[in-house]
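coordinates only, sequence not included:
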Ligand SMILES: Cc1ncc(C[n+]2csc(CCOP(=O)(O)OP(=O)(O)O)c2C)c(N)n1
Ligand SMILES: [Mg+2]
């Protein structure tokens, strides 16, 4: 999805945000079921509970802007425009997946829409986005790069190096920290001497913003200003989104012993989708019919995407060496 930055979204834009979050939720719930049914090969970290972040940020991006993501990247991929059926097919290992079935959840690539990759390595996406921002600046474009990363990445050296470099060179980068309070089972309160990430910004010399990451409009506003700044050559912004994952760290993992059910329930009550839905209705910003139409549509898209994925062919073993190096027109690896 893509739209112009606007501090006061009109009804159409408000509904697009609702639709964007619902699509991620629907796809993730489908993937959780598929994982339990043994259809997914490799790990599957869902984004349930955090949908407002990817949706609110990517709403400001164009296809030629670049997103660098994490192990929890399905939402980023969908929000950046990867078709749901290509996401699900990728996790199913099919040739019809966005990475031709070779990558799975943590290697989602779709450069044609600016999805420059999810990665299982915690931290480097910060440096990759900085590098992309550097190239966008050298090429004298107004393109922007976004790094999504968790609280688990912010005490990694990549955070310090990337943010400092982007700041001194005024690079068009938006650093989005999804602080969901845990890195696997390690509480951020234990791992960091400072409970906030956004307030590190001024120490590095760039704006640092802290927003309620479950409030799509708060994320949308903060990201809109960050993207505007970046496109105008004013440099990077650090945005910390306080949020929470309501499913286990990864599908199939235990989800007890490190957090309480009361805490999970508390955050479920602050679900980004249900709270936004109520806000749209209570504020007279949308009608029940508008929302139900979107809900039915998204449900259909996800169901078809899952069917498409399951019906897809496995990659042909004869092509195993392809897509490793850049390829010539004849399909041969240029550096084989
Ligand atoms: C460099 C590196 N160190 C450790 C790991 C193991 N690991 C996988 S996920 C994860 C937690 C990441 O937490 P966070 O960045 O907060 O993201 P979240 O899972 O909460 O979305 C860790 C430590 C890794 N993948 N890469
Ligand atoms: Mg985390």
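Here it is on my side, so go on. These numbers come from a predicted model, not from an experiment. Numbering: from 1, shown residues only. Ligands and ions are numbered 1, 2, ... in the order given.

Near ligand 2, which residues of the stretch 51-200 of the chain are found?
150-151, 180, 183 (Cβ under 5 Å from the ion). Heads up, the C-betas are built off the backbone N, CA and C, glycines and all.

Of those, which belong to strands?
Counting by DSSP state E, the part of these found in strands is 150, 183.

Make TSV out of the residues of the stretch 51-200 of the chain next to ligand 2 and add distance to residue 83, pLDDT and neighbour count.
As requested, those are exported to TSV (distance: Cβ to Cβ, whole Å; pLDDT from 0 to 100; neighbours: other Cβ atoms under 10 Å):
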residue	distance to residue 83	pLDDT	neighbour count
150	25	98	25
151	30	98	24
180	26	98	24
183	30	98	19
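
Just name the closest of the residues of the stretch 51-200 of the chain next to ligand 2 to residue 190, please.
residue 183 (9.5 Å; Cβ to Cβ).

For the closest one, which residues are in contact?
122, 150-152, 191 (Cβ atoms under 8 Å, 6 or more residues apart in numbering).

how far away is it from ligand 1?
Residue 183 is 3 Å from ligand 1, where distance means Cβ to the nearest ligand atom, to the nearest Å.

who's in contact with the closest residue to ligand 2 within the stretch 101-250 of the chain?
Closest approach of the stretch 101-250 of the chain to ligand 2 (Cβ to the ion) occurs at residue 150, with a separation of 3.7 Å. Residue 150 sits next to 70, 72, 122, 177-180, 183 when contact means Cβ under 8 Å, 6+ apart.

beta partners of it?
residue 178 (DSSP bridges).

how much space between it and residue 61?
Separation of residue 150 from residue 61 (Cβ to Cβ, to the nearest Å) stands at 20 Å.

ditto for residue 46
From residue 46 to residue 61 the distance is 22 Å (Cβ to Cβ).

where does this structure dip in pLDDT?
Residue ranges of the chain with pLDDT under 70: 1-7, 328-336.

now do 50
1-6, 333-336 (pLDDT under 50).

longest helix in it, by residue count?
Longest helix of the chain, by residue count under DSSP state H: helix 11-36.

any residues touching whichever helix or strand comes after it, and which ones?
Counting by DSSP states H and E, the element after helix 11-36 in chain order, helix or strand, is helix 51-58. Helix 51-58 has contacts (Cβ under 8 Å, 6+ apart) with 1-2, 17, 20-21, 24-25, 47, 67, 75-76, 78-80, 146, 148, 174, 176, 178, 213-220, 222-223, 239, 241, 243, 272-273, 276.

which SS state does the residue nearest the centre of the chain fall under?
Central residue of the chain (Cα atoms, centre = their mean): residue 76, 2.3 Å from the mean position. State at residue 76, reduced to three classes by DSSP: H, G, I helix; E, B strand; the rest coil: helix.
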